[in-house]
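Trainee: sequence first, then the predicted structure:
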Amino acid sequence: MSCSMPALERRLLGRTGFGVTFIGFGALEIGRDWGLGDEVQRRRPDEAAAAQVLNGVLDLGINLIDTARAYHLSEERVGRAISHRRSEFILASKCGEHSADPGTYYDFSYEAVKASIDMSLRLLQTDRIDIMQIHFGPDPERVLAEGETLRAMREAQAEGKVRFLGASPPTHLIGPCIERGVFDVLQVEYSLLNPAAGRLIEEAARRGIGVLVRGGLAMGRLTGKARALAAADTGLQRRLAPFLDLVDGDWDRLPEVALAFLYTSPGVSCVLVGSKSLDHVRAAVEIAGRGFAPEFLEAVREAVGRVAA
């Protein structure tokens, strides 16, 4: 890691005992076409560029990488590019949604999930995945109630293929996932623009469940990209106005406000930043590594409170 790069804070990931960096890496865009913009802007990088991003992420000091079977080439690229650096990072993946590039399909049956976990192990070139999460899709309540996916995951855990069990539920299913008492980690959508999960995150943490945040930058709507988006969306512009005031109207500083909000949110262990651009990830690391002035954190929380009132 460059000597000029500030060190990232590490936080306990619930009862797993892992110390995870506050910024983690979401490996969706290095394997699957995704994001804002036109077809070219959404296109996944080539193999060499993906490898550069993955190695660069580790060089920045990030120690958690989150991928999934549904991210098409992501697991394979993680395995090829950084399996030789396996001791440097905590590895999380997902099952239930399967790759059929360029699309995906859902199969939460015991047989499909067991086969998916074995495939993930092969592609990732590892003998154990640290966190295996349910990748919920349509009718998530049924998946949780039937228990076939969990049965396959627990069997993989007993076989030593998976260390800890997790889930990536929609917000309305966070409570039931907490109550099941079997998940060590929950990955939840949470941001300044979508703060509904706040109390559930706190409850999960009280129960010893580690919390990974996805969508913390709202898919670019809490970055400099928001200027162009807001020009055609007066609702977004109105919602961002109180937060822009905190940074003197500088759209490029919106990530500072977004990360400050997550930094002070009780129960948040790690914020996943997903990008095909290493520069975008580096910018988040620099913001978090510098830390936040107490008065800035207070101003952010006050602004959030006014918006919520």
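Mentor: Cool, got the structure.
Trainee: so which elements touch the one helix or strand residue 284 maps to?
Mentor: Assignment of secondary structure by DSSP states H and E places residue 284 within helix 278-290. Using 3 or more C-beta pairs under 8 Å, 6 or more residues apart in numbering; DSSP states H and E as the contact criterion, the elements in contact with helix 278-290 are strand 23-26, helix 47-59, helix 254-263, strand 270-274. For the C-beta atoms, the positions are set from N, CA and C on the backbone; glycine is no exception.
Trainee: now with 10 Å, please.
Mentor: Helices and strands touching helix 278-290, as assessed by 3 or more C-beta pairs under 10 Å, 6 or more residues apart in numbering; DSSP states H and E, comprise strand 19-21, strand 23-26, helix 47-59, helix 254-263, strand 270-274.
Trainee: export it as PDB, just CAs?
Mentor: Taking only C-alpha atoms (Å, rounded to 0.1, in the frame of the first residue of the first chain), the coordinates of helix 278-290 have been written out as PDB:
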ATOM      1  CA  LEU A 278      -9.900   1.700  -9.300                       C
ATOM      2  CA  ASP A 279      -9.800   5.500  -9.000                       C
ATOM      3  CA  HIS A 280     -13.400   5.500  -7.700                       C
ATOM      4  CA  VAL A 281     -12.500   2.900  -5.000                       C
ATOM      5  CA  ARG A 282      -9.300   4.800  -4.200                       C
ATOM      6  CA  ALA A 283     -11.300   8.000  -3.700                       C
ATOM      7  CA  ALA A 284     -13.600   6.300  -1.100                       C
ATOM      8  CA  VAL A 285     -10.600   4.900   0.700                       C
ATOM      9  CA  GLU A 286      -9.000   8.300   0.900                       C
ATOM     10  CA  ILE A 287     -12.200   9.900   2.300                       C
ATOM     11  CA  ALA A 288     -12.600   7.200   4.900                       C
ATOM     12  CA  GLY A 289      -8.900   7.000   5.700                       C
ATOM     13  CA  ARG A 290      -8.700  10.700   6.400                       C
END
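Trainee: now residue 239. Its backbone dihedrals?
Mentor: phi -70, psi -30 (degrees, to the nearest 10).
Trainee: angle of the helix holding residue 284 against helix 254-263?
Mentor: In terms of direction (axes from the mean of the first three to the mean of the last three C-alpha atoms, to 10 degrees), helix 278-290 departs from helix 254-263 by 50 degrees.
Trainee: report the buried residues of helix 278-290.
Mentor: Across helix 278-290, burial judged by 16 or more other C-beta atoms under 10 Å covers 278, 280-289.
Trainee: follow-up on the earlier one: deepest-packed of the helices and strands packed on helix 278-290, please.
Mentor: Of those, the one with the most neighbours on average (mean count of other C-beta atoms under 10 Å) is strand 23-26, at a mean of 28.
Trainee: and it, what other elements does it pack with?
Mentor: Of the remaining helices and strands, those touching strand 23-26 by 3+ C-beta pairs under 10 Å, 6+ apart are helix 47-59, strand 64-66, strand 90-95, strand 210-214, strand 270-274, helix 278-290.
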